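>>> got a predicted model here, sequence first, then my questions.
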Amino acid sequence: MNPPSTLQIESTKRNKRKRWLDAPAPQRLWLILQEDLQLLVAWCKDDALTRKRQSLLALAGATGIEHAEALCERLLREGWVERKESLIGGVWQWDAIVWRDLPTLKQLLGLSSKEQRQNARSQVLAVHRAQVLAFKDQVSAELLKMAEQALETVGATAIAFDVLERRLNLLVAVLRWHRQGAQGSRRDFSLFATQAQTINTTKAISTADWLWLEHVFPLQALGVNSFMPLWWMGGQACLHWPSEMTSNAQSLSLGMLAFASLPTADIRRAMQLQTSASYWWLIENRASFERQCMLRAQADPFAGEYFADGMPLLVFMPGRVSTDWQATMRHLLKLAPLPLRISVDLDPAGLEMAHHISPLWIERGLNWQCKHMDAVMLQTAKQHWPLNAYDLAVIERLENNVQVPDVLKTLGQAMRASGRKLEQEGWL
C-alpha cells in the first residue's frame, strides 16, 4: 500500500514559498458542488499555466470569495496546482497558482485546449473556403472575390470561435441569397441565413455581425435592405394603378414634384406610365440626382446644358443595383420604352455598373449612351483620385470582355492613361 501523499514546501525567498502535493497530477476529477464546478470551469478557460490570485478572485465575484478560497485549497490538496504564497501579517496567503496538468483538467471539464481550438479554426476555415469556391460559376467574379477576401480576413482576426463560425456561415449565406436572386429586408435575410440553425428571429444576427456584413458586402446591391426598397424618380410623368375598390384607376403625377420615392413593389403594380419625356436618365450619385431633379423642376429647365437633348425621366441608381431594382426598371421600360442616358462615377466600378445595366435597353432594341462622361473630364477635372490595383484589374477585365461596348473600354483606357478616377458629384 502506497503511503499517503503529503504537501511539499519550498522557500523561494524571504517570506515567500511554494507548496505542492508530492504525487503526480490526478487523472480524474473528484466529486464537486455545482457552484464550485462552474468557478473551476471559469478558471480553466484561459490557457495560461500561471494564474494570479486577483484575476481568479475576480472571476468568483464579490460574493464568491469564500468559495474561491476553498476551491483553491482543494486544488492544492488534490494535486492539480502548485501554489505560490507570501507571508503577510504572520499569515501565509497565496499569490498565484500554477497548473500542473491543465490539458487533462480541461479535458475532464469538457473544455478545449489551445491546440484543439486552433485545429477547429483551421478545419472550419477549410470547410467554408471550399463552400465559397463552389460558387465560382454561380455568382459574379467580383462578388466571389469579395467573399474570398472576407474569409481570409476574418480567419486571420483574433475573434472567438463561435463568432468566427457564425460570420463564415453568414458569408456563405450571402452567396446563396444572391445565387437564388432573393430580395427582402434584413429580417428576411436573417431568417434565410439562420434557417439551418432553426433560429427564426432577427436577434440571431447581432448588430456587430450586421456591421461586419456591411463592411465586406454591398448589402443593398445584393438585395438585403435595411427597410422596404424604394424607387427614386423625377420627371413629367403620371403613373396609373388599377383600383380594387372602383373601376377607375388610381393615379400619381410626378410632374408637380421635384422627385418622389415609392416602394418598388408599388411601382411594379403600375399598369400605365404616361410621359412626355424623351429618355430615361439614370444617375448614380444621390446628390447629383437630386440636383438634376431640382433643375428640371425650374421654370425654364432647357436653359441649362443638362437638358439640351430633351426632357428626361430621372432615376436614382444606387450603385450596383439589386435584382429587385432591375425588375422595377424592366417593368417601367415596358410601360415607357425610351432610350437610356446613364451617368455614373468616372471610375472602373462605374463603367462596370453601366455595362451591367445596359442589357435592359439592349434586349428591347433601345439606344443607350453615357451622359456627361468623357475623357475630357478626366483631363480637366480638379479632383485627383489615383487608380489602385483593383481599379486596374477591373479595366483589364472590361477590355477582355467582348460584350463590353467600345465606349466603355475607351473610357477605361483614358482612366489608365491619366492614372486617376472621378466622383460624379464633382461635376454633375
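Good, I have the coordinates. Numbering: from 1, shown residues only.

>>> please make it C-alpha for all contacts and neighbour counts, starting now.
Will do.

>>> so where do the helices sit in the stretch 151-300 of the chain?
In chain order, the stretch 151-300 of the chain shows helices spanning 161-179, 186-193, 207-216, 264-267, 286-296, with DSSP state H, counting those that start in this stretch as the criterion.

>>> adding mean pLDDT and distance to residue 32 as columns, could you present those in a markdown table?
Below are the helices of the stretch 151-300 of the chain laid out as a markdown table (pLDDT from 0 to 100; distance: least, C-alpha to C-alpha, whole Å):
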| stretch | mean pLDDT | distance to residue 32 |
| --- | --- | --- |
| helix 161-179 | 91 | 28 |
| helix 186-193 | 86 | 41 |
| helix 207-216 | 92 | 38 |
| helix 264-267 | 92 | 62 |
| helix 286-296 | 90 | 65 |
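
>>> in a markdown table: the ones you listed, plus mean neighbour count.
A markdown table is the format used below for the helices of the stretch 151-300 of the chain (neighbours: other C-alpha atoms under 10 Å):
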| stretch | mean neighbour count |
| --- | --- |
| helix 161-179 | 18 |
| helix 186-193 | 20 |
| helix 207-216 | 13 |
| helix 264-267 | 16 |
| helix 286-296 | 19 |
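
>>> could the ones you listed go into JSON lines alongside distance to residue 24?
JSON lines is the format used below for these (distance: least, C-alpha to C-alpha, whole Å):
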{"stretch": "helix 161-179", "distance to residue 24": "33"}
{"stretch": "helix 186-193", "distance to residue 24": "49"}
{"stretch": "helix 207-216", "distance to residue 24": "46"}
{"stretch": "helix 264-267", "distance to residue 24": "72"}
{"stretch": "helix 286-296", "distance to residue 24": "72"}
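
>>> with just CA atoms, put the host helix or strand of residue 83 into PDB.
Residue 83 is part of strand 81-88 when elements are defined by DSSP states H and E. What follows is strand 81-88, C-alpha atoms only, in PDB (Å, rounded to 0.1, in the frame of the first residue of the first chain):
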ATOM      1  CA  VAL A  81      -1.900  23.100  -8.700                       C
ATOM      2  CA  GLU A  82       1.300  24.300  -7.300                       C
ATOM      3  CA  ARG A  83       0.700  27.300  -5.100                       C
ATOM      4  CA  LYS A  84       2.900  30.400  -4.600                       C
ATOM      5  CA  GLU A  85       2.400  32.100  -1.200                       C
ATOM      6  CA  SER A  86       3.600  35.100   0.700                       C
ATOM      7  CA  LEU A  87       3.800  35.700   4.500                       C
ATOM      8  CA  ILE A  88       1.600  38.800   5.200                       C
END
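
>>> next, the buried residues of the helix or strand harbouring residue 333.
Assessed by DSSP H and E, residue 333 sits inside helix 323-335. Burial within helix 323-335, assessed by neighbour count using 16 or more other C-alpha atoms under 10 Å, is assigned to 323, 324, 325, 328, 329, 330, 331, 332, 333, 335.

>>> who's in contact with the nearest residue to the second one once chain neighbours are set aside?
Nearest non-adjacent residue to residue 324, counting by C-alpha to C-alpha, 6 or more residues apart in numbering: residue 183, 6.4 Å away. Residues counted as contacts of residue 183 (C-alpha atoms under 8 Å, 6 or more residues apart in numbering) are 222, 223, 224, 322, 323, 324.

>>> list phi and psi for residue 183.
When quoted as degrees, to the nearest 10, the phi and psi of residue 183 stand at phi -140, psi 150.

>>> how is this structure divided into domains?
With automatic domain parsing as the criterion, the domains of the chain are listed as 7-109, 114-225, 230-426.

>>> circling back: go through the helices of the stretch 151-300 of the chain and name the closest to residue 149.
Distances from residue 149 to each of the helices of the stretch 151-300 of the chain were compared using C-alpha to C-alpha; the minimum, 8.5 Å, belongs to helix 207-216.

>>> roughly how far is the closest one from the heart of the chain?
Mean C-alpha position of helix 207-216 versus that of the full chain (C-alpha atoms, centre = their mean, to the nearest Å) differs by 4 Å.

>>> which residues are in contact with it?
With contacts defined as C-alpha under 8 Å, 6+ apart, helix 207-216 is touched by 146, 147, 150, 167, 171, 219.

>>> from the residues you listed, which is closest to residue 376?
Sorting the contacts of helix 207-216 by distance to residue 376 puts residue 146 at the head of the list, at 32.2 Å, by C-alpha to C-alpha.

>>> give me the number of residues near the closest one?
Residue 146 is flanked by 14 other residues according to other C-alpha atoms under 10 Å.

>>> what secondary structure does it sit in?
Applying DSSP: H, G, I helix; E, B strand; the rest coil to residue 146 yields a three-state assignment of helix.

>>> correct me if wrong: it contacts residue 217.
Yes - under the criterion of C-alpha atoms under 8 Å, residue 146 is in contact with residue 217, at a separation of 7.0 Å.

>>> residue ranges with poor pLDDT in the stretch 201-350 of the chain?
In the predicted model, the stretch 201-350 of the chain carries pLDDT under 70 at residues 201-204, 244-249, 299-306.

>>> any chance you could map the strands in it?
Taking DSSP state E, counting those that start in this stretch as the criterion, the stretch 201-350 of the chain contains strands spanning 224-225, 230-234, 237-241, 250-253, 260-263, 272-275, 279-283, 312-316, 340-343.

>>> now distance to residue 25 too, for these, in TSV please.
Formatted as TSV, the entries for those read as follows, by distance: least, C-alpha to C-alpha, whole Å:
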stretch	distance to residue 25
strand 224-225	55
strand 230-234	66
strand 237-241	80
strand 250-253	82
strand 260-263	68
strand 272-275	83
strand 279-283	72
strand 312-316	71
strand 340-343	74
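
>>> now those strands as TSV including mean neighbour count and distance to residue 365?
Shown next, in TSV, are the strands of the stretch 201-350 of the chain (neighbours: other C-alpha atoms under 10 Å; distance: least, C-alpha to C-alpha, whole Å):
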stretch	mean neighbour count	distance to residue 365
strand 224-225	22	31
strand 230-234	21	23
strand 237-241	18	23
strand 250-253	14	28
strand 260-263	14	28
strand 272-275	17	20
strand 279-283	24	14
strand 312-316	25	19
strand 340-343	23	11
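
>>> who wins for proximity to residue 422 among those strands?
Relative to residue 422, the nearest member of the strands of the stretch 201-350 of the chain by C-alpha to C-alpha is strand 340-343, separated by 12.0 Å.

>>> the closest one: how far from the chain's middle?
Averaged C-alpha coordinates place strand 340-343 at 30 Å from its chain's average position (C-alpha atoms, centre = their mean).
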